[in-house]
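Trainee: Quick one, structure for this:
(chains A and B)
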Amino acid sequence: DQQVKQNSPSLSVQEGRISILNCDYTNSMFDYFLWYKKYPAEGPTFLISISSIKDKNEDGRFTVFLNKSAKHLSLHIVPSQPGDSAVYFCAASKAAGNKLTFGGGTRVLVKP
Amino acid sequence: EPEVTQTPSHQVTQMGQEVILRCVPISNHLYFYWYRQILGQKVEFLVSFYNNEISEKSEIFDDQFSVERPDGSNFTLKIRSTKLEDSAMYFCASSELAGVNEQFFGPGTRLTVL
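Mentor: Residues are numbered from 1 along each chain as shown, chains lettered A, B, ... in the order given. Predicted structure coming up:
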């Protein structure tokens, strides 16, 4: 199932700099997009979401941008902190309450 | 802060045996889900449950799988006759209401089928 893709399997960034994670989708029926963070041996932790009627949503250090025409979203983390080192998953759903379709994840390493 | 809990954290079983994975969703949540992640692969949807019935299921969720909400707090996933390929992390998730899309995940149960 390639409906949601994260083309960068890993990302390394210096502490204090910006981390930019990208996600592409193919299904135009997707209406909600979410980002999750996952540490080893833990479940995904919800970070931030955006609905298709918006193009930007911000929560503290995290900002999600949505480009519907390009079927692309990105997550910006600024400034990056060592505790941000984790795997980040992009997910999409067609409506509230519906199943999430996940991307393959991007492993982020923030170097002190 | 309320959280989704899952037991056991790790389950080892022999092929062909039945397993029951347990979850306690967040108490005021109404939608419940099971996902799994096979090692090295994506997190994939299994089933969603609302108002005491399955609302959606994936192709993976065949007759060997069932879900139940036996009381007001637990949500279980049963695999009747486990196969080697059922080995995975199984995540339970819950969400609050229609119109709220964020799903909150438990820590997972690692199922190992020998």
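Trainee: When you work out contacts or count neighbours from here on, use the C-alpha atoms and nothing else.
Mentor: OK.
Trainee: Next to chain A, which bits of chain B? Give me the list.
Mentor: For chain B, the residues found near chain A under the criterion Cα under 8 Å from any Cα of the partner chain are B:31, B:33, B:41-45, B:47-48, B:56, B:91, B:95, B:97-108.
Trainee: Strands of chain A, start to end?
Mentor: Assigned by DSSP state E, the strands in chain A fall at A:4-5, A:10-14, A:19-25, A:32-38, A:45-51, A:56-59, A:62-67, A:72-77, A:86-93, A:101-102, A:106-111.
Trainee: for chain A, which spans come out with low pLDDT?
Mentor: Filtered on pLDDT under 70, chain A yields the residue ranges A:1.
Trainee: Up against chain B, what does chain A have?
Mentor: Counting by Cα under 8 Å from any Cα, the residues of chain A near chain B are A:32, A:34, A:41-46, A:49, A:95-105.
Trainee: Quick one, which of these are buried?
Mentor: A:32, A:34, A:43-46, A:49, A:95-105 (16 or more other Cα atoms under 10 Å in any protein chain shown).
Trainee: so who does residue 94 touch?
Mentor: Using chain A. A:Lys94 makes contact with A:29-32, according to Cα atoms under 8 Å, 6 or more residues apart in numbering or on different chains.
Trainee: ah, I was thinking of chain B
Mentor: B:Ser94 sits in contact with B:4, B:25-26, B:29-33, B:103-105, where contact means Cα under 8 Å, 6+ apart.
Trainee: rerun that using 10 Å as the cut-off
Mentor: Residues in contact with B:Ser94 (Cα atoms under 10 Å, 6 or more residues apart in numbering or on different chains) are A:97, B:3-4, B:23-34, B:48-49, B:75, B:101-106.
Trainee: distance between the ends of stretch B:96-106?
Mentor: Using Cα to Cα, to the nearest Å, one end of stretch B:96-106 lies 15 Å from the other.
Trainee: now do stretch A:79-90
Mentor: Per Cα to Cα, stretch A:79-90 runs 20 Å from first to last residue.
Trainee: what about residue 37, how many neighbours?
Mentor: Defaulting to chain A. By other Cα atoms under 10 Å in any protein chain shown, 22 other residues sit near A:Lys37.
Trainee: not what I meant, chain B
Mentor: By other Cα under 10 Å, the residues close to B:Gln37 number 18.
Trainee: Great, nothing more from me.
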